[in-house]
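Asks: Can you look at this prediction? I've put the sequence above it.
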Amino acid sequence: MKISNASATLALLGLLAFTSGCKDFFDVNVDPLQPVSARLQDLLPGAQAGMATGLGFSLAGLGQPTSSLVNQLSSARGIGSYTLDGSSVETQWRTLYTDCLANNEQIITQGTASQDWGYVGIAQIQKAYVFSQMVDVWGDIPYSEALQGVGKPAPKFDKDSDIYKDLIQLINTGIQNLAKPSGTIPTNVDVMYKGDKAKWARLGRSLKLKLFTQIRLNPTAVLSSQAALADSVQRLLATPAQNLTDDFEFQYYAQNTPENRHPGYQANYAASPEDQIGRFFYVTVMNSRNDPRLPYFFYNQATPGQSVTADFVLGRFVTTLLGSIGAAASTSNSSTRTLPGLYAVGGKFDNGAGGVAIVTSGKGAVAQRLFTYSGSLFTEAEARLMVLNDVAGARTAYEQAIRANFAKVNAIATADGSPVIAATAINTYVNSALLRFDGTTRPASLPASAGLSATEAKLYNIIEEKYTAGFGFGLDAYTDYRRTGYPFITLPGTTAEPNTRLIGGYPIRLPYRQGDLTSNPNAPAQPSLINDKIFWDK
Amino acid sequence: MKRLILLSLFLSLAFVGRSWAQGRAVSGKVLDASTNEGLPGASVLVKGTSLGTATNADGNYTLQVPDDATTLVFKQLGYNSTERPIGASKTVDVALTVDTKQLNEVVVTALGIKREERALGYAVTEIKPEQVQQKSEPDVLRTLAGKIPGVNISSVGSTPGASTRITIRGNSSLQRVNGPLFVVDGIPYDNQQFSSASALGNSTNYSNRVADIDPNNIASMTVLKGAAAAALYGSRAAGGVVVITTRSGSGSKGPKGVQVGYSTSYSFEKVAGLPKYQNSYGSGTQFFFDSTGTGYNGSWGPKFGNTGNPQAPATRRHPQAGNPDFPSIGDDARIPYQAYPDNVKDFFNTGHVYENSLSLNGSSENATFSAVLSRVDQTGIIPGSSFVRNSIGAGGSGTFNKLTVGGNVTYTNTTQQGPQVGGSSTFGSSGNSVLARLLFMPRDLDLQGLPYINPTNYSSVFAWPALSDNVDNPLWSVENNKYTSRVDRVVASANASYAFKEWLTLRYIGGVNTYTDIRRTTLRPGGTGTYSLSGNIIEDNLQNTELDQTVLLGFDKNITEDINIRASVGQNLNQRQTAATSFQGTGIIVRGIDNIGNTTTQRQNGQYPTLKRRLMGVLGDVTIGYKDWAFLTATGRNDWSSTLNKNGESGNPGGSYFYSSLNGSFIFTEAFKLNYPWLRSGKIRANFGRVGYDATPYVAGPTRYSNNPAYGVGGAETDFPIGTSTALRLSSALGNAGLTPEFTNEVEIGTDLSFLKDRISVSASFYDRRTTHQIADITLPSATGFSAYTTNFGEISNKGVEVGFTMVPLDTHGFRWTSTTNFTHNRNIVEKLTAGLEQLVIDGYFTGSTLQPVLQAGQPYGEIFGTTVARDEQGNRLIDPSTGRMIIDPTPRPIGNPSPQFMMGIINQFAFKGFTLNTVIDYRRGGSIYSTTLMQELGRGVTKDTEDREKLVMIKGVQGDPTTRQPLRNADGSTIPNNTAITLNDFYFGSGSAALSGADEMSVYDATTVRLREITLGYDIPKKLIEKTPFGSFNVSLSGRNLYWYCPNIPKYTNFDPETGTYGTDSNIQGFELTNAPSTRRYGINLRVTF
């Protein structure tokens, strides 16, 4: 009897142990560290960092490999020999979709629900900007079914021109939302424009101008007619970007804990620098016209008179040619090579003395420029010249664009504490640039034998100056090169680049991320990088 | 519902056998015939009835027997059953003899329940303490290699404390770390390996936490392999269970009085896996010497002393000549261009292992006490590497009437000090690793003679720029790139049992197992890489605590004379908690003070998960035994886990799942009363088992946001906060509230046979294990905005055969030769994933590389994928006619299966008059390894394999187009054989070569190995000789480890030991060797005495 009593008591206790207090016992499945909701002000800076990383001038961004494709950089990686595959830019694809766009989408969803129209408008314009850049390098990509998690586990790839159409609408919606009354956005939350909604709206319009200009060879893929293009461009030119504060850029800082320095600085001011400079860009484009921006754009580690064994040496300029098969192609030039300088990555201003670049040579505190005031002026120059046939207006915009870039260089130099370019030097340069525009002189990269028409020659100058000013962000230069064929960069394996070899054909688009093809049954096959054009390509 | 069934089972047990016959009382004592000590817990039965009792702690019993009873039966696990007539006597004493028959051995099964082997319907392996002690090996898992069929043990490198991976019957899980559950003294024992840095970064060979167990403290060890054997342990038992009882936790009674034991060992170790280097050619390329001053990594230069063309210089400029930091080295200093044959060998030290263990056992009538104090002190072959483990444990138990209580506390302090050995070269990661170039340095590099540190700024100096620019001098690395870990671990448990009746016992065991691990990874300024100027210190603080308790009501009764029922029901509660913080300091202020307080800037270093989980299980098992030759056992367990939701509803934790097993054993020799002289006993067994497994915490919840997110990749990274901006970022892994448990189902059949008076015995098992509904991540296209979605899918199978074959070929005149062969064959296949998921890449370390460990449906687990040489339809290699080298096809394809086809451990023991010679030879057949050590050794031309090089080679193949990767064809469509001959330098170095920069498949090797793993020669000094001394026993032995190995398919002179891997216990990656430490050989002398 005693036994059964004891057993019954025990059984009862066992029962109690998991009926009462059961809920509390198991209620530990909440992460004490990582929240399951975020405020809009927490989401926006992250989405912007994702955008700057995925598009920027570094290993992790598109801005660096595309710089190699337009010979601003010379890369020893696959991209240098034009042998790209599904792993070449997979990080960038992933960063843009998951780090940037997924969070950006969350802002739109969440902000729409809470009627925070300022956040929504910003996120919509950001989304349009990022997607437009992605279309420009990848063509058809997941858009309408993208960013929906397991809701759409296999998003279809939308047609590139259809995405452009939708992006125009998205920009319009974004501008409307920015105009709606809504709360202020703190300056530290909006890294790009410090919460200035007017600048965002101007960016939206400049972006539309950029997109319309880019499609000018095939406007009917997006617009109803050629006339509609001219009409749209004309209207957009009425509300241009105003000054350098309209620069759409992501600010980096000098501190490295936490790592806030420009990613390109981190990779290049280290024991084994990442980038080498393209001979074409340094020698043919900039050195040939004695460009006063040279010491800001590049840092030559070689000291004056130093004897350097390297693949290519010209004075203190040291590099390895793209696709080189020269004797010293694999000779290490880490401590002598020319590096991206102050303007590009916040590196060292070249004062002519040289010296091995180390981690403390510069600060890395320059912004990642995405779409600058200068860039929108160059866009205007192209639009006026090619769409509106307004040569005089184009010339004015061209001059303003160059001057805006010099002002930018000087602003960066001032912030760094380096000497600025004197106004006289700027004027000298601008005058020579105008002579080139007017056809009085020719840029070194444009031989007379090219036989360009007067208008095309003007466009050539616009694009080459834009190409120069755009250093530090190769995406637009790559897009312009594919659209216009300008400037005439020298490809490896041609007589202009002796001792080089071209392995793959020139890629006119970038490969899709292999993982996205493998894991998405609705994905197309990897397109031909050599033959399959983006819809706006001529 | 299940709850009710269990409850009623629980209650019904209490009412079974309530009626008790009256009669006369018989009493007596049951003794162990060998010791003449009383045997507690022996059962005393009235023959022909179900009446009986059990002896008390002293072995005494009293039993009411019916008047007509004639005979008593005495039974005890592990002893021969004995019958005695009652007669008129009121006292019946008996002495039981130990049963040596195979099937009667007692083994510890799940939850510490002891069973005779005959009653088990599944395979278990018992490891005796002498099999793991004093084997010149401080890592208990490594001592097991080759000794247990079905168990695969692989180690990471040879540095002291490096982790050891163990899997039982293969890998069962896609993404959860595979491996068994360890249970030490009744409490789960965490065996995580925590990596402070990626194996490809600034990492060392981190320990797994079973390293905290001293093999010298082990009293017994049981390996439960299958799901049926392990099912009662619940969720974590899907990969099998290793049950360990320590000497202080065993609570078993020794001989009365106090016994002191002491054992000590000393071993030294030497580097074993060094290549035979060529000493004819120095650094350079294509027989030419470096003219630029940059120097070369590879030893493809001119032949030493060659005066012809190309000429070898007699001397070269001293790499530091003219360097103002080295004023003692003249501006024109020169060094000879000659071989330094021992430049690698001389780098290594002789390692040492000292092991000491002191134990004390006290036993009295009602109580036992034991204490163990032990220390292992190991230094490795790489300077500055060490592993020290101190352990102190005390335990005891006492019996008071029907109550037995016990407790046990063990404190372990383990410190590991290691060199930086992060996988290097292939992925261009860690030049800070001591091994980044060490094994394949240029042959003319005078490592010991040239400076390794700059006396002015203390930076690393490593000969010429080709080396200096990329990697730290190994001599500098061991002094300045450091890792230390200090683990303090406490395991405490209490147990009690109360015998309501002889046949009804309530048991309780509960305890805590907790440790902290304080780590520091230091890179002093002056090395290569990101922190060359500032230096970097990372301090990690890890904390892991597990609480566990089990209450078990056990029932054991003979229902009739022939039918015995043993049953138990119980409840188990478990909580596990892990927390970690990590901080990084950069800008070391005072050189030599490796503390984060001595840095200019500190910050949080990434974020480690803080995990907490709880689980409750209700469990029960019933065994019905018939006449000692047929047994049937059923088990059931229901778990409720905090990591799963009820009904898939978010925020409703405590999801429930049930699983069960059934096993039976049948001793046919006894059932059919077979009485052949050649067949001693025969048993067949069969079982089916199922084990469930829950999720990791928080995954079954909403998608989380990470705070202070980081963007970009290493070397191009952006971390929040940025300026004054803070941020949250959506995790790229989507949560899933609807997760259900994963299940492992296993069917196993087996037999245990004993022939010729136990001279030959065979134990064989066949199993088919399938793990389904795996909780794993579906890879989402990034375009969904996310990378992974955790859900249930997939199936992995493990099918295999395990055979243990033991024979005694000789047993005569005191000479006994015992030979055991353990055979393991396991086929581990990823049967299916899920629609749209072609493959999963294990771990993200290889992102961006073509080389990947892959889980793909239909492929072996963890198949190595990589680039291959392009081939034509006939399988001929395509050769680029312009280079004469192979054309690489960049699409990753399967290039190797890391799992062996089979493994054999052959253990021979020779015993003669107190001498014992034990040898363990193992043979591993097949299994692939991708080795960068081999790739580099060949690619750099340093081993004798590449010495005969004054010739051209022509790669067999046909000409191809490197762009299209199609063969070139004659007009008639025929292919064109390769006719371009190349130098050996080009054959091994460069794009399309057979080694460095070649296709990944070129560096995959077959790891087939025959190894003399262990040898021990021991001598027990005869008792007679030590009678007059205070010693009770005295044993001396010599031991050796890894004395010889032979790999037929590995380049001969590399002398490479493929039993290594860069990824440890925290990873499912196998078969990757990314410049690991070479293996070692140990010789030891051991002494063991008792007082």
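Replies: Happy to help now that I have it.
Asks: What segments of the stretch 101-250 of chain A are helices?
Replies: A:102-114, A:117-138, A:160-179, A:197-214, A:226-236 (DSSP state H, counting those that start in this stretch).
Asks: ok, stretch A:409-429 near chain B or not?
Replies: No - Stretch A:409-429 does not reach chain B (Cβ under 8 Å from any Cβ of the partner chain); its nearest approach is 13.9 Å. C-beta: built from backbone N, CA, C; applies to glycine.
Asks: buried set for that stretch?
Replies: A:V409, A:N410, A:I412, A:A413, A:D416, A:S418, A:V420, A:I421, A:I426, A:Y429 (16 or more other Cβ atoms under 10 Å in any protein chain shown).
Asks: can you list the residues that contact that stretch?
Replies: For stretch A:409-429, the external contacting residues (Cβ atoms under 8 Å, 6 or more residues apart in numbering or on different chains) are A:244, A:289, A:291-293, A:296, A:342-343, A:346, A:349, A:362-363, A:365-366, A:402-403, A:406.
Asks: Restricted to strands, list the residues you listed.
Replies: Judged by DSSP state E, those include no members of strands.
Asks: SS state for B:D472?
Replies: Following DSSP: H, G, I helix; E, B strand; the rest coil, B:D472 is assigned to coil.
Asks: Also A:K458?
Replies: Secondary structure for A:K458, judged by three-state DSSP, is helix.
Asks: Could you check how far it is from A:T479?
Replies: A:K458 sits 19 Å away from A:T479, taking Cβ to Cβ, to the nearest Å as the criterion.
Asks: wait, what's in contact with B:W678?
Replies: B:F755, B:L756.
Asks: Give me the pLDDT value at it.
Replies: Turning to B:W678, the model gives it a pLDDT of 89.
Asks: and if you look at A:G354?
Replies: 93.
Asks: So it sits against A:F298, correct?
Replies: No - the pair A:G354 and A:F298 does not pass the contact test of Cβ atoms under 8 Å, sitting 11.5 Å apart.
Asks: Please identify which of these two sits among more neighbours.
Replies: Ranked by neighbour count (other Cβ atoms under 10 Å in any protein chain shown), A:G354 and A:F298 place A:F298 first, with 26 against 19.
Asks: any idea what sits nearest that one, other than its immediate chain neighbours?
Replies: A:G341 (4.7 Å; Cβ to Cβ, 6 or more residues apart in numbering or on different chains).
Asks: ok, now A:P35?
Replies: A:P35 sits nearest to B:Y705 (Cβ to Cβ, 6+ apart), 5.3 Å away.
Asks: again with B:A700
Replies: B:A700's closest residue in space is B:L739 (Cβ to Cβ, 6+ apart), at 4.5 Å.
Asks: before we move on, the earlier item: select only the buried ones of the contacts of stretch A:409-429 in PyMOL?
Replies: In PyMOL, this line selects whichever of the contacts of stretch A:409-429 come out buried by 16+ other Cβ under 10 Å:
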select buried, chain A and resi 244+289+291+292+293+296+342+343+346+349+362+363+365+366+402+403+406
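Asks: any idea which element B:T62 lies in?
Replies: Assigned by DSSP states H and E, B:T62 belongs to strand B:60-65.
Asks: Direction included, what does that strand pair up with?
Replies: Strand pairing for strand B:60-65, using DSSP bridges, gives strand B:24-32 (antiparallel).
Asks: near chain A, which residues of the stretch 451-600 of chain B?
Replies: Counting by Cβ under 8 Å from any Cβ, the stretch 451-600 of chain B sits next to chain A at B:465-466, B:469-470, B:500-501, B:504, B:506, B:528-530, B:532-534, B:551, B:553, B:571, B:573, B:584, B:586.
Asks: Tell me which of these fall in helices.
Replies: B:P465, B:A466 (DSSP state H).
Asks: of the residues of the stretch 451-600 of chain B next to chain A, buried ones?
Replies: For those, buried by 16+ other Cβ under 10 Å: B:465-466, B:469-470, B:500, B:504, B:506, B:528-530, B:532-534, B:551, B:553, B:571, B:573, B:584, B:586.
Asks: what about whichever residue of the stretch 351-500 of chain A sits closest to chain B, how many neighbours?
Replies: As assessed by Cβ to the nearest Cβ, chain B sits closest to A:V359 within the stretch 351-500 of chain A, at 5.2 Å. A:V359 has 18 neighbours, counted by other Cβ under 10 Å.
Asks: and the residue in the stretch 101-250 of chain A positioned nearest to chain B, what does it touch?
Replies: Minimum separation of the stretch 101-250 of chain A from chain B (Cβ to the nearest Cβ) falls at A:A102, amounting to 3.1 Å. Neighbouring residues of A:A102 by Cβ under 8 Å, 6+ apart: A:L147, B:L730, B:S732, B:G785, B:F786.
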